[in-house]
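Peer 1: pasting the sequence and the predicted model now:
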Amino acid sequence: MSVQTNDKPKVSLRAFLAKYSVLIAFAAIVIFFAVASPTFLTPANLFNVLVNNVVMLAIVALGLTIVISSGGIDLSVGVSVDMASMVFVMLLAAGYSGVVGVGGGLGAALVVGILNAILITRLNISPFLATLGVLFIGQSAQQLATSGGQPIYLTSGYAGDQFNAIARTALLGIPTPVIVLILCALAVHFLLHRSVFGRYVQAMGAQPGVAWYSGIRVPRELSLVHVLCALLAGVTGILLSATVKSYVPLSGNAFLLDAIGATFIGTTLSRERKPSVIGTLLGVFLLAIVKNGLLLVGWNFYWQQVGIGVLVFLVLAASFGLRRAAH
Amino acid sequence: MQTAKREIAVSMTDISKRFGPVRALENANLEIARGSILGLVGQNGAGKSTIIKVLAGIIKPDSGTIVINGETVSSLTPASVEKLGVHFIHQDRLLVPTATVGEAVFLGHEIGLGPFVSRRAMARKAADLLKRFFGMELPAGTLVKDLTTAQQKVVQITRALAQKASVLVLDEPTAALVKREVDSLFDVLRRLRDDGIAVVFISHYMQEIEKLCDRVTVMRNGTDVGTVDPRETSIDEIISMMIARDVGEMFPKRSVTLGAPVLEVANLRLGGSFENIGFNVRAGEIVGLTGLLGSGAKEIVQCLFGLKTADGGSIKVEGKQLALSTPVKAVRDGIAMLPEDRRAHGVALGLSVRENISLASLRRYSKNGLVSRGSENQAVDGLIKELSIKTPHRDALVRELSGGNQQKVAIAKWLSCQSRVYVLDEPTVAVDVGAKVEIYNLLNRLAGEGAAILLLSSDLLELVGVCDRVLVVYRGRLAGTFSGPSMNSDALLAASSGARSNADGVAA
């Protein structure tokens, strides 16, 4: 009984297209906008896309990548973003130092993550319903805390100015938020694709029963998954507040659908449709570039949403359809 | 009126087809002669339906030649095959229920002028054909759904004949028919044979094959193992051609010296399931456990792996008292479990062979929480070789492996853990005979290396063939322990059903 050798999958054109549909779409879109808009490929515009459209969405999507890998979902990432943002801004506005502000903000996101973890692993509520409930509660809580959704602004003189400065400066030519993203992406990449924890996450995602029967502490690992996701969303919340010098209630929700979309676009890179850090980042770049490009060529905001919907549909359909045909 | 010289209508030579790693057909041959009824038999998975689907143009073979009416055909499609005069009566492919007999007979070949279909012409012609071939007076306006199953088969055959079929393949045509209808179908088929048509008859019913067919081709493991005349060869001989090996070879013999007790269970009790369960499994020993559904045998095994928590009693592994409340603890204490539902609990189909094998023992291959791929690969490759797991490479998905090889991956996972106690829950359900033997060999080897093995099985022959000792559970209590000459399937069955108890005495 020898190991068979003639079983390598044949690389057909279709399989190739299926595998790299995201990259091909990416290249095509870049070329399209480069031709359609003279400002698209300028460094200033690309810098703007990176800092304003990519970084914050990408960090939220990294968290969702972990959750979706484990076979779950977190609909409450927006709440984690908002809670971190709210507590961060409130603490700074009350005169506390930046360290306290960041700690408090991340702590607030942690609370959301722990709440999710308890609902899912202790009360055995499905991740979809548990995080949906937390989403509802979190939204109402914000409105109650801000008299119906009044933004909180950081006026001059607070530590907020320093943060705003940090958010807008660069270290060794790289904008600070981008450095934060790179650090988060590297951390999640190693965690998900190199660590023992990551293997457990993949196993839970592939077949939870097998994980349990292999002696994996599924509740513990799953709790960690949701806490990490909430913390990453919290990082985005703090970056958001530092950039716009304010807390606007319910602004985190804007990230949820884009982050889910980006993560699933990223799954087309894998034959088994598994999420990956690289895939998710590609998905985020794709969405950010489409939004920016459509804006430059003069489409209004609502048509951008249509454009993104069509894009997600096309990439997923192309990848899965071609893959099925190649099989 | 068989012609003396057998004229070949269809000849398929050296047909091979793989689905991923699974060889569905390997150098299979099929020769269909005019004026003759060929039976095609084989166990499920032997390749009967695959080779028929190849001929029907539904499956494209990887290699091989197909000659139809003296003409070599390179690529077949369902439509081109019909044009060549080869027609199929599929088991499940039914007619359009709301069509009339006339419409059904000419389905796809409607008679008419341009886009207009002449229902009257079709009805008249269909009635003619039915009368000519089968002497059947069937109003052609009758709806298909009002016909009996046998009449529907006849309509299907008539449709084939209307297209001037020279070869007719029937897949399990008698499955839904009553005796009288079978007889009249056989008359029809004999008449067609006498008219020079080549008939292929696929059936699981050996009596039908014997009664109807002029020749029988037997398939096994994706290839044809022989073609015989059923009037000269007995049914028993044909069946033995279908089965790869006889029972004696299935259970490899072994000789092993038993060591100290590894697993010691005493006074184990779970409310509503079982009580006062006590037994030992020694190093190198394979102990069977069996009982009817609801006897508590299953629950005993679940308690040993922490899937259920016993209400009382003790479980010791190598003298150490265990408190089993979850599989997490059981795995840490050296207990391995091969669950009955392999796809839900045994292997993760969407993960690679490597990821599955190392899943329960990742701590061994990691440093500071990061997996060291070098040592993992080395260990995994070693186990793939040791268990001769048939996989293209270590990163192939377990989904692509056959059932038997998936089961070997599940076993390799525990070998990687160096477990001391193996609890197996129906390990050979839904694996083919060849893989069963390999799993038995593997159990013997594990035992030979000093592991203690507890085999829960409802296959009494398997228990007798593999185990040193068999414990029978009846209504939550040990009803008997059998070994040596007293261990036979009759005794086990009697004890499981409460008819008889105790051969060697309960205490082991």
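Peer 2: Arrived safely, thanks for sending.
Peer 1: nearest to chain B: which residue in the stretch 201-327 of chain A?
Peer 2: The nearest approach of the stretch 201-327 of chain A to chain B comes at residue A:215, 2.7 Å away (CB to the nearest CB). From N, CA and C alone the C-beta is placed, and that goes for glycine too.
Peer 1: that residue sits in which helix or strand?
Peer 2: For residue A:215, there is no helix or strand it lies in under DSSP states H and E.
Peer 1: tally of neighbours for the residue lying closest to it once chain neighbours are set aside?
Peer 2: Among residues not flanking residue A:215 along the chain, residue B:331 sits closest, at 2.7 Å (CB to CB, 6 or more residues apart in numbering or on different chains). By the criterion of other CB atoms under 10 Å in any protein chain shown, residue B:331 has 22 neighbours.
Peer 1: on that earlier part again, mind pulling up the pLDDT for the residue of the stretch 201-327 of chain A closest to chain B?
Peer 2: pLDDT recorded at residue A:215 is 91.
Peer 1: before we move on, what about the one 10 residues further on?
Peer 2: For residue A:225, the pLDDT comes out at 97.
Peer 1: which residues does it contact?
Peer 2: Listed by CB atoms under 8 Å, 6 or more residues apart in numbering or on different chains, the contact set of residue A:225 reads A:66, A:67, A:70, A:72, A:201.
Peer 1: which SS class is residue B:227?
Peer 2: Using DSSP: H, G, I helix; E, B strand; the rest coil, the secondary structure recorded for residue B:227 is strand.
Peer 1: could you pull up the residues touching the nearest residue to it once chain neighbours are set aside?
Peer 2: Among residues not flanking residue B:227 along the chain, residue B:217 sits closest, at 4.6 Å (CB to CB, 6+ apart). Neighbour list for residue B:217: B:30, B:31, B:38, B:39, B:40, B:41, B:224, B:226, B:227 [criterion: CB under 8 Å, 6+ apart].
Peer 1: please identify the helix or strand for the third one.
Peer 2: So the one you mean is residue B:38. For residue B:38, the element it lies in under DSSP H and E is strand B:36-41.
Peer 1: what does that strand contact?
Peer 2: Strand B:36-41 has contacts (CB under 8 Å, 6+ apart) with B:2, B:6, B:30, B:32, B:48, B:51-52, B:189-190, B:193, B:198-204, B:206, B:209, B:212-219, B:230, B:238, B:242.
Peer 1: just checking: what are the partner strands of it?
Peer 2: The pairing partners recorded for strand B:36-41 under DSSP bridges are strand B:198-202 (parallel), strand B:215-220 (parallel).
Peer 1: deepest of the ones you listed, which one?
Peer 2: Most buried of these by mean neighbour count (mean count of other CB atoms under 10 Å in any protein chain shown) is strand B:198-202; its value is a mean of 25.
Peer 1: and it, what's its mean pLDDT?
Peer 2: The average pLDDT for strand B:198-202 rounds to 93.
Peer 1: any idea which helix or strand comes after it?
Peer 2: Downstream of strand B:198-202, the next assigned helix or strand under DSSP H and E is helix B:206-212.
Peer 1: run the chain-centre distance for that next one.
Peer 2: On the basis of CA atoms, centre = their mean, to the nearest Å, helix B:206-212 sits 23 Å off its chain's mean C-alpha point.
Peer 1: how about stretch B:352-360?
Peer 2: Chain-centre distance of stretch B:352-360: 26 Å, with CA atoms, centre = their mean.
Peer 1: does chain A sit close to it?
Peer 2: Yes. Counting by CB under 8 Å from any CB of the partner chain, chain A has neighbours in stretch B:352-360: B:355, B:356, B:358, B:359, B:360.
Peer 1: can you name the residues in contact with that stretch?
Peer 2: Stretch B:352-360 has contacts (CB under 8 Å, 6+ apart) with A:199, A:202-203, A:210-211, A:214-216, B:331, B:347-348, B:351, B:365, B:371, B:376-377, B:379-380, B:383-384, B:389, B:391, B:393-398, B:401, B:409-410, B:412-414, B:416-417.
Peer 1: now list the buried members of these.
Peer 2: A:199, A:202-203, A:210-211, A:214-216, B:331, B:347-348, B:351, B:365, B:371, B:376, B:379-380, B:383-384, B:389, B:391, B:394, B:396-398, B:401, B:409-410, B:412-414, B:416-417 (16 or more other CB atoms under 10 Å in any protein chain shown).
Peer 1: which pair of the residues of stretch B:352-360 next to chain A spans the longest distance?
Peer 2: The span of those, defined through CB to CB, is set by B:355 and B:360 at 11.2 Å.
Peer 1: can you list phi and psi of the residue in the stretch 151-300 of chain B that chain A sits nearest to for me?
Peer 2: The nearest approach of the stretch 151-300 of chain B to chain A comes at residue B:221, 14.3 Å away (CB to the nearest CB). Main-chain torsions, residue B:221, degrees, to the nearest 10: phi 50, psi 40.
Peer 1: Provide the secondary structure category for the residue most central in space within chain A.
Peer 2: Using CA atoms, centre = their mean, the residue of chain A that lies closest to the mean C-alpha position is residue A:61, 1.2 Å off. At residue A:61 the chain is in helix, as set by three-state DSSP.
Peer 1: what's the spacing between it and residue B:294?
Peer 2: Distance from residue A:61 to residue B:294, counting by CB to CB, to the nearest Å: 50 Å.
Peer 1: give me the below-cutoff pLDDT ranges for chain A.
Peer 2: Along chain A, segments meeting pLDDT under 70 span A:1-12, A:156-162, A:164-168, A:170-171, A:322-327.
Peer 1: now with 50?
Peer 2: Scanning chain A with the threshold set as pLDDT under 50 gives A:1-9.
Peer 1: now do the strands in it.
Peer 2: When secondary structure is read from DSSP state E, chain A shows strands at A:152-153, A:170-171, A:174-175, A:246-247.
Peer 1: turn those strands into CSV, including distance to residue B:110 and mean neighbour count.
Peer 2: Shown next, in CSV, are these (distance: least, CB to CB, whole Å; neighbours: other CB atoms under 10 Å in any protein chain shown):
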stretch, distance to residue B:110, mean neighbour count
strand A:152-153, 76, 16
strand A:170-171, 76, 12
strand A:174-175, 71, 15
strand A:246-247, 73, 22
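Peer 1: what is the burial count for the closest residue to residue A:192 other than its chain neighbours?
Peer 2: Excluding the flanking residues, the one nearest residue A:192 by CB to CB, 6+ apart is residue A:198, at 4.3 Å. Applying other CB under 10 Å, we find 23 residues neighbouring residue A:198.
Peer 1: any idea how far residue A:198 is from residue A:206?
Peer 2: Distance, residue A:198 to residue A:206, using CB to CB: 12 Å.
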